[in-house]
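Asker: A structural model of the following input is requested.
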Amino acid sequence: MEKVNYYVSGGLNEDQLQKIHQSALTVIEEVGIEVPHQEVLRLVSNQPGVSIKGQRVYFEPDLVERCLKEIQESQSATKEEEFQLSTTGYASKILDLDTGEIREPHSQDLIEMTKLADVLGMRGCAPIFPKDLPEELAEITTYKLCWQNSRDIGGAGIFSSVKVFEYIYEMAQAIGRPFGFGMHMISPLKCDPFLLEIAVHFLDRKINMRVGNMPMIGATSPIFLTGSLVQSVAEVLAGATLLKLISRGGKVSFGPFVHSFDMKYSNIVYGSPEYVLINLAICQIAQFYGTSSVRRIDKHRWLKHVYSTYRNRHYKAAFCG
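Answerer: Numbering: from 1, shown residues only. Okay, the predicted model is just below:
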């Protein structure tokens, strides 16, 4: 039997993508981003195309475009990959398969789940976060156990101090694993002071830095999708421009995202139809900028019956073409 393909038609056209880009440049120039870090402000204060008012930093469109071009030129050429499953989430609760109870995960749970993900050929980060250790030790151990028990599962992406990041960085150097960090913007339009501190601390070591974000529609970004897409693009472009200006040879990349939001329960609605719609738009935006994106089918495992399976199959069909 021949392969059955599913397709989703429509989406953003080239003119709409250009309007999102130009609107994002306007936001960066007129609204700017908050940069709550004195050393970073000092590093960019005398750069052409930059203006500063207090902790607010504004970039002229030509400067953003120049930095964007440099970032795009530094990206490795990649071909379209086959469908790939990834672990994510570093969950703080798991469903115990022996007792049927929901409980906190332990280090042994992380080992077993990481091995399972590796056998299945998955990539990504730690599926759970061990709660049987002190916070900082747990952060370091998460990377250690993932690297010891898999080929492509890479830790948790979280660290509570520069000291923890130093330990993780040294482990990566010792085993020859590529390592960088993600600077997630705080929506709306603000840099995280702690992540800026890490960026400054490691400038001379030229680590890779990737800018991301998690704006939530109707909560930390506009209620309308197009407005949220503009804000999301503005945040990551401004963040990437900032890092590009202060970097000393380290590679900078970026990837925007937007999350659907449940106003009744004040939570991200993973796996909802809106979430899939947003994913499809983000994929187009990523292609527009020549950056990477993830076709996500994230969900909270709160439906344990046949409807859950039915729903998930329909969402997967939207991404498999």
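
Asker: number of nearby residues for N279?
Answerer: 22 (other CB atoms under 10 Å). The C-beta positions use only the backbone N, C-alpha and C, and glycine is treated the same way.

Asker: same check, this time on M113
Answerer: Counted with other CB under 10 Å, M113 comes out at 22.

Asker: Help me confirm that it is found in a helix?
Answerer: Yes: using DSSP: H, G, I helix; E, B strand; the rest coil, the assignment for M113 is a helix.

Asker: what sits against the closest residue to G154 other than its chain neighbours?
Answerer: Excluding the flanking residues, the one nearest G154 by CB to CB, 6 or more residues apart in numbering is C125, at 5.7 Å. By CB atoms under 8 Å, 6 or more residues apart in numbering, the residues touching C125 are S86, T87, T88, G89, Y90, C146, I153, G154, G155, A156, G157.

Asker: and the residue nearest to D192 when sequence neighbours are not counted, what pLDDT?
Answerer: Using CB to CB, 6+ apart and skipping the chain neighbours, the partner closest in space to D192 is I186 (5.5 Å). Among the per-residue scores, I186 shows a pLDDT of 98.

Asker: likewise N312?
Answerer: Reported pLDDT for N312: 46.

Asker: can you map out the helices along the stretch 201-321 of the chain?
Answerer: 225-246, 273-289, 306-319 (DSSP state H, counting those that start in this stretch).

Asker: closest to D118 out of those?
Answerer: helix 306-319 (22.1 Å; CB to CB).

Asker: in the protein, which helix or strand is least confident?
Answerer: helix 306-319 (a mean of 42; mean pLDDT, DSSP states H and E).

Asker: Looks like the residue nearest to D192 contacts P193 (just checking).
Answerer: No: in this structure, I186 is not within contact of P193 by CB atoms under 8 Å, at 9.2 Å.

Asker: Compare those two and say which one has the larger neighbour count.
Answerer: Using other CB under 10 Å as the criterion, I186 and P193 rank with I186 on top: 18 against 15.

Asker: most centrally placed residue in this structure?
Answerer: Centroid-nearest residue in the chain, with CA atoms, centre = their mean: G212, separated by 4.5 Å.

Asker: Low-confidence regions, the stretch 51-200 of the chain specifically.
Answerer: The model of the stretch 51-200 of the chain has pLDDT under 70 over residues 76-83.

Asker: all strands for it, in order.
Answerer: Taking DSSP state E, counting those that start in this stretch as the criterion, the stretch 51-200 of the chain contains strands spanning 56-59, 86-87, 94-95, 102-103, 123-124, 180-185.

Asker: Of all those, which one is nearest F224?
Answerer: Comparing these by CB to CB, strand 180-185 comes nearest, at 19.8 Å.

Asker: OK, contacts around H106?
Answerer: Contacts of H106 (CB under 8 Å, 6+ apart): P130, K131, D132.

Asker: buried stuff in stretch 161-168?
Answerer: V164, F165, Y167, I168 (16 or more other CB atoms under 10 Å).

Asker: closest to C283 among the contacts of H106?
Answerer: For the contacts of H106, the nearest to C283 is P130 (33.1 Å; CB to CB).

Asker: check contacts around that closest one.
Answerer: Per CB under 8 Å, 6+ apart, neighbours of P130: P105, H106, S107, D109, L110, A138, T141, T142, L145.

Asker: Going through those residues, which ones are buried?
Answerer: P105, S107, D109, L110, A138, T141, T142, L145.

Asker: is it true that I278 touches P256?
Answerer: No: using CB under 8 Å, I278 makes no contact with P256, being 10.5 Å away.

Asker: which one of the two has more residues nearby?
Answerer: P256 (28 against 21).

Asker: quick one on the thing from earlier: helices - which of the buried ones among the contacts of P130 land there?
Answerer: Judged by DSSP state H, the buried ones among the contacts of P130 include S107, D109, L110, A138, T141, T142, L145 as members of helices.

Asker: could these go into CSV alongside distance to K19?
Answerer: CSV is the format used below for these (distance: CB to CB, whole Å):
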residue, distance to K19
S107, 49
D109, 47
L110, 45
A138, 45
T141, 47
T142, 42
L145, 46
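
Asker: And the residues you listed, which is closest to V31?
Answerer: T142 (36.7 Å).

Asker: shouldn't that closest one be in contact with F129?
Answerer: Yes: assessed by CB under 8 Å, T142 is found in contact with F129 at 6.2 Å.

Asker: can you list residues touching both of these two?
Answerer: Shared contacts of T142 and F129 (CB under 8 Å, 6+ apart): Y90, L110, A156.

Asker: ok, the residue lying closest to the first one once chain neighbours are set aside - contacts?
Answerer: With sequence-adjacent residues excluded and distances taken as CB to CB, 6+ apart, Y90 is closest to F129, at 4.1 Å. Residues touching F129, when contacts are defined by CB under 8 Å, 6+ apart, comprise Y90, A91, S92, P105, L110, A138, T142, A156, I158.
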